[in-house]
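J.: Have a look at this prediction, sequence included:
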Amino acid sequence: MEYLVTMATHVPDGISEAAVEDMRAREAARARELATEGHVLRLWRPPLLPGEWRTLGLFDAADRAGLESVLLSMPLRVWRTDEVVPLAPHSNDPGPQTEGASSSHTQDGGSEFFTTFTITVPPETARSVVDATEGSEADRARELAKQGKLRRLWVLPGEGRALGLWRASDDGEMQTILDSLPLRVWSDLETIRLAPHPSDPGLALP
């Protein structure tokens, strides 16, 4: 099962810069090990305030207990709080293989984005209209996946909620992509631009 983990690190007062750098190095080494084991799938930096230390991670584990064991094995956990969100499969998800479908993150010059969708269908909408719109959404998702724009799609906890991972050249292209989705008319969106993380396993993709 896949999980999105928001990891917020707070270095205690009195810790030397050398100790922090040593911790960073051990964390990076452990992240590489966990990536090799298939537990760490991706890592990103979200938008940060000055002095803030946060990481978003896509993890894979058999269950919540297994994930907790993985997180506990990471050196920074002693300074960190983790917020875990379970991710369920989405019928329009292109699948993990899409991660390598286009050029690597450092080669194509684009950025990755997370978009949280909350879809609310007006109660008076006919079932036939809903079915047709969802079918068009699935077709558009396949097109965007083939173009390398839609990377992953998951179902989030809560009714009508989903999380998309996208790649676009800039904020403008990202907005154009979202506006092209048939379900956009019924969706509230929250989009964040992701920055590369130095320990991201995805950086090594061809």
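T.: Sure thing, it's come through.

J.: In contact with Cys115, which residues?
T.: If you look again at residue 115, you'll see it is Thr, not Cys. Thr115 sits next to Leu163, Gly164, Trp166, Met174, Leu178, Leu189, Glu190, Thr191 when contact means CB atoms under 8 Å, 6 or more residues apart in numbering. Every C-beta, even on glycine, is put in place using the N, C-alpha and C of the backbone.

J.: which is the next helix or strand following the helix or strand of the chain with the lowest mean pLDDT?
T.: Least confident helix or strand, the chain: helix 105-108 with a mean of 45, by mean pLDDT, DSSP states H and E. Downstream of helix 105-108, the first helix or strand assigned by DSSP states H and E is strand 111-119.

J.: State the paired neighbours of that next one in the sheet, together with their directions.
T.: Using DSSP bridges, the strands paired with strand 111-119 are strand 161-168 (antiparallel), strand 187-196 (antiparallel).

J.: between those, which gets nearest to Leu43?
T.: Nearest to Leu43 among those is strand 187-196 (8.8 Å), distances taken as CB to CB.

J.: then that closest one to CSV, C-alphas only?
T.: C-alpha atoms of strand 187-196 as CSV (Å, rounded to 0.1, in the frame of the first residue of the first chain):
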residue,chain,number,x,y,z
SER,A,187,-13.9,20.3,-8.4
ASP,A,188,-12.3,22.4,-5.8
LEU,A,189,-8.5,22.3,-6.3
GLU,A,190,-5.4,22.9,-4.2
THR,A,191,-2.1,22.8,-6.1
ILE,A,192,1.4,23.0,-4.7
ARG,A,193,4.6,23.1,-6.7
LEU,A,194,7.2,20.6,-5.6
ALA,A,195,10.9,21.1,-5.5
PRO,A,196,13.5,18.3,-6.0
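
J.: Give me the buried positions along it.
T.: Burial within strand 187-196, assessed by neighbour count using 16 or more other CB atoms under 10 Å, is assigned to Ser187, Arg193, Leu194.

J.: tell me how far that strand is from the chain's mean position?
T.: Centre-to-centre, strand 187-196 and its host chain are 9 Å apart (CA atoms, centre = their mean, to the nearest Å).

J.: pLDDT (mean, whole number) over it?
T.: Strand 187-196 shows an average pLDDT of 96 in the prediction.

J.: what's in contact with that strand?
T.: The contact list for strand 187-196 (CB under 8 Å, 6+ apart) reads 44-47, 56, 105-106, 111-120, 171, 174, 178, 181, 203.

J.: For ChimeraX, write the select line for the buried members of those residues.
T.: Applied in ChimeraX, the following selects the buried portion of the contacts of strand 187-196 according to 16+ other CB under 10 Å:
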select :44,45,56,105,111,112,113,114,115,117,119,174,178,181
